[in-house]
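Asks: Give me coordinates for this.
(one chain, ligands or ions: 1)
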Amino acid sequence: MLAGCVEWPDEVAAEYRRKGYWRDETLGGLLRRWAAEYGQRTAVVRGEVRWSYVELDRRADRLAAGFAQRGIGSGDRVVVHLPNIPEFVAVCFALFRLGAVPVFALPPHRSAEIRYLCEYSAAIAYVVPESHAKTDYRLIAAGVVSTVPSLRHVFVVGDPGEFTALADVDAEPAAVPEPGPADVAFFLLSGGTTGLPKLIPRTHRDYAYNVRITADNAGLDVDTTYLAVLPAAHNYALGCPGVLGALSVGGTVVLADSGNPDEAFTLIEREKVTMSALVPPLALLWTDTATERDLSSLRLVQVGGSRFEAAPAARFRARFGCVLQQSFGMAEGLLSQTALSDSAEVVDSTQGLPLSPDDEVRLVDADADADADADADADAADVAVGEVGHLLVRGPYTIRGYYHAPEQNQRDFTPDGFFRTGDLARRTPEGRLIIEGRVKDVINRGGEKVAAEEVEGHLLAHEAVREVAVVAVPDAVMGERTCAFVVGRAAVGAAELKEFLRGRGLAAYKLPDRWEQVESLPRTAVGKIDKALLREQVAAKVSRASASSR
Ligand code: OOB
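Replies: As a prediction, the model looks like this:
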């Protein structure tokens with residue numbers, strides 16, 4: 001395994017292999033097998049572009065050979081910053097085959113996030129589209145390349161400007177040393193339990209298992225046409241079961257730019273889409289959007305990423321007449337989903353069962369303090385069935401540590417290897433999970449995670465800001481939005497602060513939705529900023545405002 005990653009203990013690894021969870025397979029090798037089995041069937045569709053399995057496999061090989069010629073090989077980190085386009089899939093498999101390790105940036109990320117990811121991973125290459133969503137990504141690349149010495153290559157899908165066109169990365173496939181099943185296949189980003197996102201190493205064999213169990217639980221088969229509306233670079237749409245799940249059974253992946261109903265409904269009708277995965281705000285939007293399109297091909301829709309309430313869940317089922325699957329998951333691993341056979345009541349009100357028989361889930365009675373240390377949880381008692389506890393997990397597809405983050409690992413993992421998810425949950429007598437909230441300092445903005453500390457750090461860099469606290473505000477559509485409480489040294493307006501954050505290259509979804517200028521911030525007895533009180537204050541204000549506007 002790559003230096004800086006935490007292995008599963010040998011005896012645990014042996015057990016996971018013995019039970020057949022972990023097999024001697026790599027993601028790059030799997031595509032070879034799928035191409036042999038599904039040949040000319042359509043693997044990937046985007047607009048007018050359609051690639052068969054054979055075509056995808058061939059492209060991955062040629063790209064891999066081209067990357068190898070440019071000196072990219074085993075263990076090298078490559079920041080992949082692509083939207084949902086076929087090249088994303090080809091680049092991933094090319095890198096998987098070389099044993100090079102994609103670091104998956106999300107499409108809305110901008111220079112602040114990209115610089116951080118390149119530095120943290122010591123990436124040697126960065127892959128971007130020419131432009132996307134009205135942004136010229138080559139400008140992001142230019143800014144980052146000049147400040148990150150490890151970066152040797154920028155590959156661009158489309159007009160490369162000063163960089164290298166991905167289309168020119170092409171060579172006759174040659175035999176290259178391939179990675180092993182225990183090697184790191186790629187890095188996902190954490191939603192952030194504290195501070196900046198951490199890199200999550202996922203190995204070939206643990207992720208192959210992740211894909212297999214989610215594809216099974218969603219009943220995928222050769223007739224599956226999966227519509228990817230969420231970023232394929234995010235765990236949920238990548239492999240839960242997502243793009244890789246659909247490919248693993250010979251299905252077809254239709255790539256979309258967004259879940260915008262206009263685009264999505266058109267694609268569902270045209271491609272006879274059978275399945276998709278949404279976050280709750282999109283599920284609400286789909287439910288409330290009238291359409292002339294024929295959506296009758298839809299058999300299954302997953303909703304997850306943030307809490308989906310029972311009432312909208314029921315409305316969604318009634319509107320689309322398809323199976324709904326609640327999906328609770330995390331880039332670190334654990335997945336809990338309802339089953340296709342579950343009753344409407346179970347689907348509407350729970351997040352189902354953890355997917356592996358060897359997911360060891362504990363709900364412990366830690367006091368709801370984000371700073372409680374890992375040792376406290378390890379010793380804490382399990383709560384009774386039905387009671388809310390702090391969710392801890394370890395298992396065959398849950399990491400044992402973040403990449404190069406010994407201090408964070410000390411906090412986020414117990415000494416016996418359980419990951420402290422930062423989520424609060426309770427369990428039904430059947431073992432189903434119901435996610436009730438969280439203790440980590442993250443705002444879940446309709447599935448997009450905003451780490452409070454990250455935004456606070458940027459705001460504190462403004463000379464007029466003395467103190468700041470970023471907290472969640474309840475929101476009917478997004479579940480939560482962000483609110484920044486600012487104590488100024490000098491008068492400074494929200495517009496200026498937003499512009500300042502943009503100027504620092506922060507992704508737009510992290511810009512606070514609401515601003516409160518205050519004289520001081522409340523403190524707890526031990527002198528920390530009392531975020532619980534701030535959340536209450538702003539929630540009360542918002543509910544008063546909405547009551548008076550009714
Ligand atoms: C998914 O992954 P991440 O890594 O972006 O975020 C994980 C966190 C969880 O720890 C939890 O706080 C929240 O997102 N979450 C949910 C949820 N699904 C995720 N909270 C309530 N209800 C749900 N259904 O978000 C993710 C990864 C794979 C599949 C699905 C979602």
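Asks: use CA for all of it now, contacts and neighbours both
Replies: Will do.
Asks: what's the pLDDT at residue 115?
Replies: Residue 115 is assigned a predicted lDDT (pLDDT) of 98.
Asks: let me redo that: residue 550
Replies: Per the predicted model, pLDDT is 74 at residue 550.
Asks: show me what contacts the residue nearest to residue 449 when sequence neighbours are not counted?
Replies: Sequence neighbours aside, residue 191 is the residue nearest to residue 449 in space, at 5.2 Å (criterion: CA to CA, 6 or more residues apart in numbering). Counting by CA atoms under 8 Å, 6 or more residues apart in numbering, residue 191 makes contact with 197-198, 331, 442, 449-451.
Asks: Cross those residues against strands and list the overlap.
Replies: 442, 449-451 (DSSP state E).
Asks: closest to residue 226 among those residues?
Replies: residue 449 (24.1 Å; CA to CA).
Asks: so that closest one touches residue 442, yeah?
Replies: Yes. Using CA atoms under 8 Å, residue 449 is in contact with residue 442, at 6.4 Å.
Asks: Next to the ligand, which bits of the protein? Give me the list.
Replies: 190-191, 235-236, 240, 304-307, 326-331, 421, 423, 435, 447 (CA under 6 Å from any ligand atom).
Asks: Run through the bridge partners of residue 473.
Replies: Beta bridges link residue 473 to residue 481 when assigned by DSSP bridges.
Asks: And it, how close does it get to residue 35?
Replies: Using CA to CA, to the nearest Å, we find residue 473 at a distance of 48 Å from residue 35.
Asks: These two: which is more packed in?
Replies: Under the criterion of other CA atoms under 10 Å, the comparison of residue 473 against residue 35 puts residue 473 first, with 25 against 22.
Asks: check contacts around the more buried one.
Replies: The contact partners of residue 473, by CA under 8 Å, 6+ apart, come to 480-483, 535, 538-539, 542.
Asks: ok, so of the residues you listed, who is nearest residue 150?
Replies: Of the contacts of residue 473, the one sitting nearest to residue 150 (CA to CA) turns out to be residue 482, at 34.3 Å.
Asks: Let me know the secondary structure of the closest residue to residue 310 other than its chain neighbours.
Replies: Spatially, and ignoring its direct neighbours in sequence, residue 310 is nearest to residue 348 (4.6 Å; CA to CA, 6+ apart). Counting by DSSP: H, G, I helix; E, B strand; the rest coil, the backbone at residue 348 sits in helix.
Asks: show me the contacts for residue 348.
Replies: Residue 348 neighbours (CA under 8 Å, 6+ apart): 309-311, 313-314, 326.
Asks: Equivalent analysis for residue 235, please.
Replies: 188, 330-331.
Asks: can you pick the most crowded of these?
Replies: residue 188 (23 neighbours).
Asks: Would you mind confirming that it is in contact with residue 104?
Replies: Yes. The pair residue 188 / residue 104 is scored as a contact, 5.6 Å apart, by CA under 8 Å.
Asks: who touches both of the two?
Replies: In contact with both residue 188 and residue 104: residue 234, using CA under 8 Å, 6+ apart.
Asks: how far away is residue 240 from residue 220?
Replies: 11 Å.
Asks: Look at these two and report which has more neighbours.
Replies: Each of residue 240 and residue 220 has its neighbours counted (other CA under 10 Å); residue 240 has more, 28 against 24.
Asks: Does residue 112 touch residue 503 like I think?
Replies: No. Assessed by CA under 8 Å, residue 112 is found out of contact with residue 503, at 9.4 Å.
Asks: quick one, phi/psi of the one residue sitting closest to the centre of the chain?
Replies: Residue closest to the average C-alpha location in the chain (CA atoms, centre = their mean): residue 234, at 3.5 Å. When read as degrees, to the nearest 10, the backbone of residue 234 gives phi -100, psi 140.
Asks: Only the buried residues of the helix or strand where residue 141 lies, if you could.
Replies: Assigned by DSSP states H and E, residue 141 belongs to helix 137-145. Buried residues in helix 137-145, counting neighbours by 16 or more other CA atoms under 10 Å, are found at 137-138, 140-141, 144-145.
Asks: Give the other helices and strands that that helix contacts.
Replies: Helix 137-145 is packed against helix 111-121, strand 125-129, with contacts defined by 3 or more CA pairs under 8 Å, 6 or more residues apart in numbering; DSSP states H and E.
Asks: Mind doing that once more with 7 Å?
Replies: helix 111-121 (3 or more CA pairs under 7 Å, 6 or more residues apart in numbering; DSSP states H and E).
Asks: which helices and strands does the helix it packs on pack with?
Replies: Taking 3+ CA pairs under 7 Å, 6+ apart as the contact cut, helix 111-121 packs with helix 137-145.
Asks: ok, 8 Å please
Replies: Using 3+ CA pairs under 8 Å, 6+ apart: helix 111-121 touches strand 77-80, helix 137-145.
Asks: on that earlier part again, could you pick out the buried ones from the contacts of residue 473?
Replies: 480-483, 535, 538-539.
Asks: In TSV, list the buried residues of helix 137-145 along with pLDDT.
Replies: Shown next, in TSV, are these (pLDDT from 0 to 100):
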residue	pLDDT
137	98
138	98
140	98
141	98
144	97
145	97
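Asks: Could you give the number of residues near residue 179?
Replies: Residues near residue 179, counting by other CA under 10 Å, number 24.
Asks: I meant residue 270, not that one.
Replies: 12.
Asks: where does the stretch 351-500 of the chain dip in pLDDT?
Replies: Applying pLDDT under 70 to the stretch 351-500 of the chain flags residues 367-378.
Asks: Could you tell me which residues make contact with residue 6?
Replies: Counted by CA under 8 Å, 6+ apart, residue 6 has contacts 399-403.
Asks: Within its sheet, name the partner strands of the helix or strand containing residue 227 and how each one runs.
Replies: Under the criterion of DSSP H and E, residue 227 resides in strand 225-228. Strand pairing for strand 225-228, determined by DSSP bridges: strand 252-255 (parallel), strand 275-278 (parallel).
Asks: CSV for those, including distance to residue 46, mean neighbour count and mean pLDDT?
Replies: Output for the strands paired with strand 225-228, formatted as CSV (distance: least, CA to CA, whole Å; neighbours: other CA atoms under 10 Å; pLDDT from 0 to 100):
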stretch, distance to residue 46, mean neighbour count, mean pLDDT
strand 252-255, 5, 28, 99
strand 275-278, 15, 25, 98
